[in-house]
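Novice: Here you go, sequence then predicted model.
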Amino acid sequence: MQPDPNLTPANINKLSNELSVVSNQFDLRHDLHAYVEYVQDRDVKRLHRSNELNKSDLKRLAKLMSDSSAIEFVESYGFSNWINYIDKLAYVFKFVNYDTEGIYVGYTSSEPSFPDNYIDIDAEKYMKFIYLPLIEQEKKLLVLLENHYLDGDNEFYVKSSLGRLSGFSTWGSSTGIIPDLDFARPRRFLLEVLQSCTPGVWYTTSSLIQYLKEHHPYFLIPKKPKYRYKQDVKSGRYGNFHEGKSTWSREVQVSESDADAFERVEGRYVERFLEGLPLILGYIEVAYSKTEYKGYLPGINQLQAFRVNDKFLHVMSGDITEPKVTVQPNFEVHVESELYPVRILTQLVKLADIVTKDKTSILKLRKKKVLTQLSEREDLDVIKLLEDISHQKLPENVRIELEEWIGASEAFTLYEKAVLLEGDKDMPDINQFTIERISPTMRIVHSPDSLFTHLEQKELIPLHIKHRSSALTPLPDGARTVFPRRDLSVSKADKKAKAKTRAKAKKPVTIKREIQITFHFPAKELMEEFRNGLVAARCPVAADWSKLTVSFDKRYESEVKNVSKALKQDYTIKIEDIA
């Protein structure tokens, strides 16, 4: 659509004392995914009577939202319009499911109840969505919000989650033209009209309404609307719309013959549309009049200006590029994206801490997180993952450090909530508890309480021994085990006598000596290059950055000489002993 000359620019700077500018500080996409991840990790039970989220979950969710104002709002008022909106969005997307009908308890019950109403997750549907390209995710989100006004019936009657403008009285809304209006059509049409705007330029809302009145007067209500009942024909196209001095009064019905009827009905709708879908999606900013409204309700000419942004035009034209990921030499990962890159960040937060969130998110790779992931996922190749999502080779120092972390992770496997089980080779039906079999008579198992119950049911007598961190606990006499046993038949006197005999007898002992060499460096830069060379040569090395020292075993002197030789291309190196 070509830019329309009838849209009049608004001088916001000149009217700064008269207008209040509002933008959406929340990121709908981030908060939707934060909500799904939250309910996915715990059992969230909705309130028995209202079926809303309970206050404890609201408080936790508020801390996960993209704008911290949600925390203060929940603390002050006990609810959050924004979190409720996200909750409904996840439900309409079918990422989550819960009972919305309830049951009527007793003959006198006038409202449904929702006992044991837990939120279920459709993980398959959700994962399928987040692995779509960003523009495809956005299109699905846009289509969903075009077809569903999540705050209520439609913009005419219910205030937007972020909006300020009240709606018409709902009296008579089940008859007349309202039941058969397709609100998705005008929403799509208005988004097309907004594409005519130049990003960053403020326009008056009144000029948009006048453009619609002159060129598209039937964008919302058809010229010949459908009427369900014959008596509605008499009321005409605007029979559902009444004005009054209070919210529920209907002193004046808007008549099609009124010269300003379009402004009073379609004009009010345009104002409420702007503070709805486009503002919620972060496509526009709006400016409200600061002057106290004293006319007939619902308010009119209160949202006086708006401006679209680049993101809106990029989405509408399909010109959203995939996230750009860059791994920096300082172990920071920069993620540039116009829309929230959920798939990329979901992968990265398992390996790194989030430093900042914005159009460019910054994360910092952490050794502990990387080691945890390596212990949980045997097939994980951290270097390949980072190179695949960044589409480039990692900085050499980052690659070398990650290789060292990977080497450390291969030295041990940490099992949580597991125990070591020793028993006969053919113990009954315990494969279901086995994590790993170490030998024919020894294995690592999970769920020890359930396992012990299982063994007792098989008429066995399991023995639970808790070893100290400093030494193994000896087992009772009679236990068949590879571990030391407590010999109850030996008296304390006998033990003392045996100890004295052992003290007198001299045993041959061989003590092995290991010589460590320590290099002291004059500068951190040279030390880092030297250390990286040793790591690349698979030489075990200990670095003390505070003292600028590197220590290694004397056996690796040949590797050290090779590293020194390689560095002589850039340095004149002289090694001397400390007296």
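Specialist: Good, I have the coordinates. This structure is a prediction, so every number in the text was calculated from the model and none was measured.
Novice: list the contacts for the closest residue to Val335 other than its chain neighbours?
Specialist: Distance criterion CB to CB, 6 or more residues apart in numbering; nearest residue to Val335, sequence neighbours excluded, is Ser361 at 4.5 Å. In this view, the C-beta of every residue, glycine as well, is placed from N, C-alpha and C. Contacts for Ser361 (CB atoms under 8 Å, 6 or more residues apart in numbering) come out as 334-335, 337, 341, 345, 354.
Novice: quick one: Ser361 is in a strand?
Specialist: Yes: Ser361: assigned to a strand according to DSSP: H, G, I helix; E, B strand; the rest coil.
Novice: Shouldn't Arg272 be within a helix?
Specialist: Yes: under three-state DSSP, Arg272 sits within a helix.
Novice: Gly163 versus the nearest residue to it once chain neighbours are set aside, what's the distance?
Specialist: Closest residue in space to Arg272, ignoring its immediate chain neighbours: Glu155 at 4.1 Å, by CB to CB, 6+ apart. For Glu155, the distance to Gly163 equals 9 Å [CB to CB, to the nearest Å].
Novice: What of Glu111?
Specialist: The gap separating Glu111 from Gly163 is 27 Å, by CB to CB.
Novice: Any idea how far apart the tips of stretch 288-296 sit?
Specialist: Its start and end residues considered, stretch 288-296 measures 17 Å (CA to CA, to the nearest Å).
Novice: Go through that stretch and flag the buried ones.
Specialist: The neighbour-count check on stretch 288-296 (16 or more other CB atoms under 10 Å) flags 288-289, 296 as buried.
Novice: Of those, which is the nearest to Gln304?
Specialist: Nearest to Gln304 out of these is Ser289 (CB to CB; 5.4 Å).
Novice: Might one say that the closest one is in contact with Gly299?
Specialist: No: checked against CB atoms under 8 Å, the pair Ser289 and Gly299 is beyond contact range at 9.1 Å.
Novice: low pLDDT regions in the stretch 301-450 of the chain?
Specialist: 408-417, 425, 438 (pLDDT under 70).
Novice: Kindly recompute the last result at 90.
Specialist: The stretch 301-450 of the chain contains residues with pLDDT under 90 at 321-322, 356-359, 371-380, 404-450.
Novice: so where do the strands sit in it?
Specialist: 303-308, 324-327, 332-336, 352-356, 360-365, 418-422, 434-439, 442-446 (DSSP state E, counting those that start in this stretch).
Novice: thinking again about what came up before, including pLDDT, distance to Leu194 and secondary structure, could the buried residues of stretch 288-296 go into TSV?
Specialist: Formatted as TSV, these follow (pLDDT from 0 to 100; distance: CB to CB, whole Å; DSSP: H, G, I helix; E, B strand; the rest coil):
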residue	pLDDT	distance to Leu194	secondary structure
Tyr288	97	18	strand
Ser289	95	21	strand
Tyr296	94	28	coil
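Novice: Lys359 and His334, how far apart?
Specialist: According to CB to CB, Lys359 stands 11 Å off from His334.
Novice: Between those two, point out the one with more neighbours.
Specialist: Shown here are Lys359 and His334; by other CB atoms under 10 Å, His334 has more neighbours (16 against 11).
Novice: my guess is that one meets Pro323, correct?
Specialist: No: between His334 and Pro323 there is no contact under CB under 8 Å: 10.0 Å.
Novice: Quick check, pLDDT for Thr473.
Specialist: Thr473 carries a pLDDT score of 73 in this model.
Novice: Once you drop chain neighbours, what's closest to it?
Specialist: His467 (5.0 Å).
Novice: What is the burial count for the one you found?
Specialist: 11.
Novice: Pick the most buried one from the strands of the stretch 301-450 of the chain.
Specialist: strand 303-308 (a mean of 24; mean count of other CB atoms under 10 Å).
Novice: for the strands of the stretch 301-450 of the chain, which one sits closest to Ser546?
Specialist: Ser546 sits nearest to strand 360-365 of all the strands of the stretch 301-450 of the chain, at 21.2 Å, using CB to CB.
Novice: What pairs with that closest one, parallel or antiparallel?
Specialist: The pairing partners recorded for strand 360-365 under DSSP bridges are strand 332-336 (antiparallel), strand 352-356 (antiparallel).
Novice: Quick one: closest of those to Lys524.
Specialist: Nearest to Lys524 among the strands paired with strand 360-365 is strand 332-336 (19.0 Å), distances taken as CB to CB.
Novice: and that closest one, C-alpha only, in CSV?
Specialist: Only the C-alpha atoms of strand 332-336 are listed here, as CSV (Å, rounded to 0.1, in the frame of the first residue of the first chain):
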residue,chain,number,x,y,z
GLU,A,332,30.7,-13.8,25.7
VAL,A,333,28.1,-14.9,23.2
HIS,A,334,26.3,-12.0,21.4
VAL,A,335,22.8,-12.8,19.9
GLU,A,336,21.4,-10.1,17.6
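Novice: So for this protein, which residue is the most central one in space?
Specialist: The centroid of the chain falls nearest to Ala34 when counting by CA atoms, centre = their mean (3.6 Å).
Novice: Excluding chain neighbours, what is closest to it?
Specialist: With sequence-adjacent residues excluded and distances taken as CB to CB, 6+ apart, Ala34 is closest to Leu64, at 4.2 Å.
Novice: Would you confirm that that neighbour contacts Val39?
Specialist: No: the criterion here is CB under 8 Å, and Leu64 misses it with Val39 at 11.0 Å.
Novice: Which of these two has more residues huddled nearby?
Specialist: Neighbour count, other CB under 10 Å: between Leu64 and Val39, Val39 has more, with 21 against 16.
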